[in-house]
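A.B. asks: just a sequence and a predicted model for now, questions to come.
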Amino acid sequence: MSAKQLGIGLVGYGFMGRTHSNAFRRVPNFFPGVYEPVLIAVAARNEARARDFAAQWGYQRAETDWRKLISAPDIDLIDIASPNDTHAEIAIAAAEAGKMVLCEKPLGRTAAEASTMVDAVEKAGVPNMVWYNYRRVPAVVLAKQLIDEGRLGRIFHYRAKFLQDWTISKDLPQGGEGLWRLDVSISGSGVTGDLLAHCIDTALWLNGPIDEVTAMTETFVKERKHSLTGQIQQVGIDDASAFLARFANGSLATFEATRYARGHKALYTLEINGESASLFWDLHDLHRLQMFDHRDEGRLRGWRSIHITDSDHPYMKHWWVPGLQIGYEHTFVHQFADFLEGLESGSVPGPSFRDGLATDRITDAVLASAKSKTWQSC
Ligand code: SOE
């Protein structure tokens, strides 16, 4: 059977543009299916760099205006990997033009913005997905399977952290390429939308809806030079954010994210404690799932460390042989492979734009709670 070609137009060539492009290229090798991704064009403001990126990753052409991608008849899918303030305008234009839309997280800078994006894709009826890639770590998928099979029993606690340390220096400017995450007008928020959003997306998927939150945030460095204006400007993002939550299933949760945890570069950890068993996962050891099962024979009971590399583990039969592990970039490959399989079967899996909106609603509630110092219903 000959493959159906799926023309891709990518907006943005930063770190995420690379992770997505790598996924587009790898999927046909490891997850062959009915659709064959064709890398048509990349759009970004800097013409020379867009051209270099296109040559390096195999895009047929480079544009400086993303609108050219939207109007191109050979492009079926728009992938948004540009800064957060551009997501809504591009996604809405793409949906209105009948293109499929993939969008980097967080979906919008606020839930209100995300909501306009959900309306657009749902009105147009176009397939859509948000790149919350940690849902596609094989160990995290195994955790989901174990929870859904009821092996943990009643869930009492959910605990998640995402720790980094790259903004501690007060000399680091805000704004501009590579540093737009520090400029609140572009990013929408600091670690709440950038890091906690990952923890929240995974938590909603694994443990169901959150009923209420109470939060605190802090901006440790209050003023930074802006890279584009050269002026010292107030910092509007949250540098650290922590919140307590109650899930609808009655479990209690703690979430924490910061860019000020000296020594931690991207330490995403999550732990779930149930009546019968507990699970623990750590991004720095992403190919392992730790499990404690109270039903094990007493003398042998203890935390086991499952090396997720066997062919009966999620996604692993597509990769190497048992014992050989995979890494971060594979999560994006899995997500795009699932997207294409969903197109084939007629049911694209989440996280959809509507799921992305659910996460944005929680991050909004977290920021509102930190400001008002009150519990917020979600
Ligand atoms: C921030 O440093 C960042 O790149 C996030 O934007 C990503 O979403 C996260 O996966 C890794 O850290």
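C.D. replies: Received, thanks.
A.B. asks: and D165, how many neighbours?
C.D. replies: Other residues near D165 come to 16 when the count uses other CB atoms under 10 Å. Backbone N, C-alpha and C define where each C-beta goes, glycine included.
A.B. asks: I should have written V126 there, sorry.
C.D. replies: Neighbour count for V126, taken as other CB under 10 Å: 22.
A.B. asks: what residues are up against it?
C.D. replies: With contact set as CB atoms under 8 Å, 6 or more residues apart in numbering, V126 has these partners: A94, A95, G98, K99, M100, V101.
A.B. asks: okay, the fifth one: pLDDT?
C.D. replies: The one in question is M100. We have a pLDDT of 98 for M100.
A.B. asks: what do you get for the first one?
C.D. replies: Per-residue confidence at A94 stands at 98 (pLDDT).
A.B. asks: that one should be in a helix, yeah?
C.D. replies: Yes. Per DSSP: H, G, I helix; E, B strand; the rest coil, A94 lies within a helix segment.
A.B. asks: from A358, how far off is it?
C.D. replies: Between A94 and A358 the computed distance is 21 Å (CB to CB, to the nearest Å).
A.B. asks: so which of the contacts of V126 are also by the ligand?
C.D. replies: Among these, none lies close to the ligand by the criterion of CB under 6 Å from any ligand atom.
A.B. asks: so where's the stretch 1-150 of the chain uncertain?
C.D. replies: Residue ranges of the stretch 1-150 of the chain with pLDDT under 70: 1.
A.B. asks: quick check: residues of it near the ligand?
C.D. replies: So the stretch 1-150 of the chain never meets the ligand (CB under 6 Å from any ligand atom).
A.B. asks: quick one, what contacts A143?
C.D. replies: By CB under 8 Å, 6+ apart, the residues touching A143 are L206, I272, L279, W281, L289.
A.B. asks: before we move on, the earlier item: which of the contacts of V126 count as buried?
C.D. replies: Listed as buried from those are A94, A95, K99, M100, V101; burial here means 16 or more other CB atoms under 10 Å.
A.B. asks: now do the contacts for the last one.
C.D. replies: V101 makes contacts with 77-80, 91, 94-95, 121, 126-129, 353, as judged by CB under 8 Å, 6+ apart.
A.B. asks: whichever of the contacts of A143 end up buried, select them in ChimeraX.
C.D. replies: Those of the contacts of A143 that count as buried under 16+ other CB under 10 Å are selected in ChimeraX with:
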select :206,272,279,281,289
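A.B. asks: which of the contacts of A143 fall within helices?
C.D. replies: Mapping the contacts of A143 onto helices (DSSP state H) picks out L206.
A.B. asks: isn't L102 up against L77?
C.D. replies: Yes. At 6.7 Å, L102 counts as touching L77 under the criterion of CB atoms under 8 Å.
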